[in-house]
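Enquirer: need a structure here:
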Amino acid sequence: MSICTVISYHYVRKVFETRFPRIKALNLSSFREQIAYMKRFYIFVTAQDCIDAIYTKKKLPRNAALLTFDDGYSDHYMNVFPILDDAGIQGCFFLPVSAVRDGRVLDVNKIHFILASVKNIDQLQLDIFDILNRLRSEGYTIASNDDLYQKLAIDGKCAEYLSFDSSQVVFIKQLLQRELTQDIRSSIIDELFKRYVTNNELAFARELYLSEDQIHTMVRHGMIVGNHGYENRWMNTLSAIEQKKEVESSNEFLQKFGMNLDNWLMCYPYGAYDASLQSICTENGCSLAFTTEVGIAELKKENALTLPRLDTIHLPVHANEKPNSWTQRVLDLAY
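Expert: As a prediction, the model looks like this:
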């Protein structure tokens, strides 16, 4: 059995030169350094190498590494692609269709930019409470503000994916990403996005996400695109019919960039999946699917649709650093 260290990236940008310097992103200089670090200790492989390791028993080096990039940001073309292309490294880019094709800003991104734009987090929380109070007065059944805060405002240190957030920010993210129903969440997010960020969602989306021309260029240079859902929804909350529509609608769009419908990649939005979604992916020709679970991927058939990844925070961002615990783990196996 082969293993592979799969790294997950999102925003990669010159953070302090952008309009939103408070967005939580990997600085471009740190990305360059991290790639240089990985060149010292890892061997970069392609998605097809990983597929072959699972289905044809091809052996990969124990320190194999695969790079993945979620959400289809223009950052990936302007900042990431030139570095990968110059180094001969393949990246796997997972594209939400509603963002890239339809010019709709994903709810998760709206939350990021609301938080990056607000000057007073206390005021944002009060604004949210006011909107919730208004919705209750309109007949919506929603728990009290106090009950919601007590339930959701956990210490960020209790969950690795929230480890850099204050309890207030954790509350806002949990409330707007998961706790409320989809219609209520989207309504609140849209109102706050217009208030704090912009009224022109289409223009913002065109700036934030990849264009089709940029995707075509990346694919011509050896990059690969994969399914990230049509609307980037929590797919484990959808019916099987809705899941099937999300998968097939996304694949229909991605075919124009060379996706092979008998051999394609999936990255579950938010890492959310269930047995029904896995079956749909299998029936539609999916070869590999990635989660947000943290770990080194074991490349075997029973794991092919539940592969873990490391986040960029799990590896050093300085080229000359010594191997950290995750790197040392694979080096110990490699020799």
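Enquirer: For residue 39, grab the count of nearby residues.
Expert: Using other C-beta atoms under 10 Å, residue 39 is surrounded by 14 other residues. Using the backbone N, CA and C atoms, a C-beta is placed for each residue, glycine as well.
Enquirer: if I've got this straight, it is in a helix?
Expert: Yes - counting by DSSP: H, G, I helix; E, B strand; the rest coil, residue 39 is found in a helix.
Enquirer: Could you check how far it is from residue 246?
Expert: In this structure, residue 39 and residue 246 are 36 Å apart, going by C-beta to C-beta, to the nearest Å.
Enquirer: Would you state the strands of the stretch 101-250 of the chain in chain order?
Expert: Assigned by DSSP state E, counting those that start in this stretch, the strands in the stretch 101-250 of the chain fall at 224-227.
Enquirer: Using CSV, write out every CA atom in stretch 75-93.
Expert: Taking Å, rounded to 0.1, in the frame of the first residue of the first chain, the C-alpha atoms of stretch 75-93 are listed here in CSV:
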residue,chain,number,x,y,z
ASP,A,75,-5.4,33.7,-6.6
HIS,A,76,-4.7,30.3,-7.9
TYR,A,77,-4.1,31.5,-11.4
MET,A,78,-2.2,34.7,-10.6
ASN,A,79,-0.1,33.5,-7.7
VAL,A,80,-0.1,29.7,-7.5
PHE,A,81,-0.1,28.6,-11.1
PRO,A,82,3.1,30.4,-12.2
ILE,A,83,5.1,28.8,-9.4
LEU,A,84,3.7,25.3,-10.0
ASP,A,85,4.2,25.6,-13.8
ASP,A,86,7.8,26.7,-13.4
ALA,A,87,8.6,23.9,-11.0
GLY,A,88,6.8,21.2,-13.0
ILE,A,89,4.4,20.4,-10.2
GLN,A,90,0.7,19.5,-10.8
GLY,A,91,-2.0,21.1,-8.8
CYS,A,92,-5.5,19.8,-8.4
PHE,A,93,-8.1,22.7,-8.5
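Enquirer: Can you classify residue 8 as helix, strand or coil?
Expert: Following three-state DSSP, we place residue 8 in the strand state.
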